[in-house]
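> Okay, here's the prediction I keep looking at, along with the sequence it came from:
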Amino acid sequence: MEYITNPHELLVALDEQLAAAGGRHELVIVGGSALVALEIVSRPTQDVDVLALRSGNDLLSAEPLPSDLVAAAHRVGEDFRAPSDWLNAGPTGLLDLGLPHGFLDRLVQKPYGEGLTVYIASRLDQVHFKLYATVDQGPGRHEADLRALEPTDAELVAAARWTRTQDPSPGFRDALVGALASFGLEDVDLGT
């Protein structure tokens, strides 16, 4: 598995590529690269997870990524010897079932230049996403990231209730209860 040691460096280069071609994009990112950008963790990451393309106050699916963005990302990947899929639109599926309430208002803006503006999911929203990933994909780096976020009990409960909107299945609920217990939370009211 190849890793990206400095996602910021790749995004600077992506901005330069886009600007040189006359392109302009606004990306909303989540995951490990977003945690690195927020200076919550300092570790290599597998990719830059794109949750959405932003247009004004609208968040649009990043699947598929626009062709000029893909071409620019490909050139950057070659230049930096990054994985070919370093710009990953996989998380865009989270848009389908709804984001945590107030998500858009909490985005942290990071302008890179004329070609690229990046919006980073806030710490609170990362708690939501990392709890969901911990339960959905198992512990490991997601749980480690969640612990690095140092969530309060109230934040974990809010995140747990949101995760139930993403996956209401009994199996997910059972795994969620176990994950919360690992953070010292027992008998949490998860709503419906």
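That came in fine, so what should we check first? Here the structure is a predicted model, which means the values were calculated and not measured.

> can you map out the strands along this protein?
For the chain, the strands defined by DSSP state E occupy 25-30, 48-55, 58-60, 87-88, 108-111, 116-120.

> Switch those strands over to TSV; also include mean pLDDT, mean neighbour count and distance to Lys130.
The way it works is simple: take the backbone N, C-alpha and C, and place the C-beta from them, glycine included. Formatted as TSV, the strands of the chain follow (pLDDT from 0 to 100; neighbours: other CB atoms under 10 Å; distance: least, CB to CB, whole Å):
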stretch	mean pLDDT	mean neighbour count	distance to Lys130
strand 25-30	97	24	9
strand 48-55	97	23	12
strand 58-60	97	14	19
strand 87-88	96	23	16
strand 108-111	94	13	16
strand 116-120	97	22	14
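
> looking at the ones you listed, which is closest to Pro151?
Closest of the strands of the chain to Pro151 is strand 25-30, at 15.6 Å (criterion: CB to CB).

> sorry, back to before: any idea which of the strands of the chain gets closest to Leu38?
Ranking the strands of the chain by distance to Leu38, with CB to CB as the measure, places strand 116-120 first at 6.0 Å.

> hey, C-alpha coordinates of that closest one in PDB?
Taking Å, rounded to 0.1, in the frame of the first residue of the first chain, the C-alpha atoms of strand 116-120 are listed here in PDB:
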ATOM      1  CA  LEU A 116      -8.600  25.200  -5.900                       C
ATOM      2  CA  THR A 117     -10.400  25.900  -2.700                       C
ATOM      3  CA  VAL A 118     -10.600  23.100  -0.200                       C
ATOM      4  CA  TYR A 119     -13.200  22.900   2.600                       C
ATOM      5  CA  ILE A 120     -12.400  20.600   5.500                       C
END
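
> rewinding a little: for the strands of the chain, could you give me TSV that also reports distance to Val76?
Below are the strands of the chain laid out as TSV (distance: least, CB to CB, whole Å):
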stretch	distance to Val76
strand 25-30	13
strand 48-55	10
strand 58-60	22
strand 87-88	8
strand 108-111	17
strand 116-120	11
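
> What is the neighbour count of Gly178?
Gly178: 11 surrounding residues under other CB atoms under 10 Å.

> per-residue pLDDT, it?
The model reports Gly178 with a pLDDT of 95.

> Quick check: the closest residue to Pro83 other than its chain neighbours vs Asp85, distance?
Among residues not flanking Pro83 along the chain, Glu2 sits closest, at 4.4 Å (CB to CB, 6 or more residues apart in numbering). To Asp85, Glu2 is 10 Å away according to CB to CB, to the nearest Å.

> which residues does the residue nearest to Pro83 contact?
Glu2 makes contacts with 46, 82-83, as judged by CB atoms under 8 Å, 6 or more residues apart in numbering.
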